[in-house]
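**Student:** Starting from these lines, generate the structure:
(one chain, ligands or ions: 1)
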Amino acid sequence: MRSVNYPGLDRHAKYHSLLLAELRTFVYRVHQGEGATAVGTMSFLWSWLNLHIDSMDRELTDWLGTHEPDSGARHLPS
Ligand SMILES: [Fe+2]
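**Tutor:** Numbers count the residues shown, from 1 in each chain. The predicted structure follows:
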């Protein structure tokens, strides 16, 4: 996203950061014996991933399909 100057990078990265914070909370609760379970964590993660892929990752894919990379963008060798 950064290498192609994706305009939604900050928002997208924020959602990833929020996910990591949520997962850290789950891990903390498991270690504290506060009722969080692996099944609950996996269920949350599964829902998050499906929603994220269907929305934000799809927006990124659509954007990439309609925009040329900036001249300064790095490219993989062909
Ligand atoms: Fe993503």
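
**Student:** elements contacting the lengthiest helix in the chain?
**Tutor:** Of all the segments of type helix in the chain, defined by DSSP state H, the longest one is helix 9-32. Secondary structure elements in contact with helix 9-32, counted by 3 or more CB pairs under 8 Å, 6 or more residues apart in numbering; DSSP states H and E, are helix 38-52. To be clear about C-beta, it is placed using only N, CA and C from the backbone, and glycine gets the same treatment.

**Student:** Flag every buried residue along the helix it packs on.
**Tutor:** Of all the residues in helix 38-52, those buried under the rule 16 or more other CB atoms under 10 Å are Thr41.

**Student:** C-terminal to that helix, what's the next element?
**Tutor:** helix 58-66 (DSSP states H and E).

**Student:** For that following helix, buried residues please.
**Tutor:** Within helix 58-66, the residues that qualify as buried by neighbour count (16+ other CB under 10 Å) are Leu60.

**Student:** which sections of the protein are below the confidence cut-off?
**Tutor:** Judged by pLDDT under 70, the chain has its weakly predicted residues at 69-78.

**Student:** gap between the residue nearest the centre of it and Glu34?
**Tutor:** Relative to the mean C-alpha position of the chain, the nearest C-alpha, by CA atoms, centre = their mean, is the one of His16, at 3.9 Å. With distances defined as CB to CB, to the nearest Å, the gap from His16 to Glu34 amounts to 25 Å.
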